[in-house]
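A.B. asks: let me see the structure of the following:
(one chain, ligands or ions: 1)
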Amino acid sequence: MTKLLFIIAVTIALVLWFKHMGRPRRDLDAKKQHDVEDMVRCKVCGVNMPRSEALLAQGSIYCCEEHRRRDLG
Ligand SMILES: [Zn+2]
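C.D. replies: Numbers count the residues shown, from 1 in each chain. From the prediction side, this is the model:
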């Protein structure tokens, strides 16, 4: 009798575990999509843009040549 109860308990635990495992994978996918964007912020005007469109100069990030010149002189 104790053996049967143990088997039932293990079965319930496994079902709950499988249900739980399904969720974090969706969160991980959402995080992955967020990382692909990789947005950066202009030091002068604060506008957000993809890293590929940003200007990098002396460790700072700018949205355009004009803002880079305004900050660095
Ligand atoms: Zn700017």
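
A.B. asks: quick check: residue 42 touching residue 62?
C.D. replies: Yes - using Cβ atoms under 8 Å, residue 42 is in contact with residue 62, at 5.4 Å. C-beta: built from backbone N, CA, C; applies to glycine.

A.B. asks: domain-wise, how is this structure divided?
C.D. replies: 1-37, 39-73 (automatic domain parsing).

A.B. asks: now those as TSV including mean pLDDT and mean neighbour count?
C.D. replies: Output for the domains of the chain, formatted as TSV (pLDDT from 0 to 100; neighbours: other Cβ atoms under 10 Å):
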stretch	mean pLDDT	mean neighbour count
domain 1-37	76	9
domain 39-73	95	14
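
A.B. asks: now those in a markdown table, with distance to the ion?
C.D. replies: Converted to a markdown table, the domains of the chain look like this (distance: least, Cβ to the ion, whole Å):
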| stretch | distance to the ion |
| --- | --- |
| domain 1-37 | 18 |
| domain 39-73 | 3 |
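
A.B. asks: hey, what's in contact with both of residue 42 and residue 62?
C.D. replies: When contacts are counted by Cβ atoms under 8 Å, 6 or more residues apart in numbering, residue 42 and residue 62 have residue 54 as shared neighbours.

A.B. asks: quick one: contacts for the closest residue to residue 60 other than its chain neighbours?
C.D. replies: Nearest in space to residue 60, with sequence neighbours left out and distances taken as Cβ to Cβ, 6 or more residues apart in numbering, is residue 43 at 4.7 Å. Counting by Cβ under 8 Å, 6+ apart, residue 43 touches 60-62, 67, 71.
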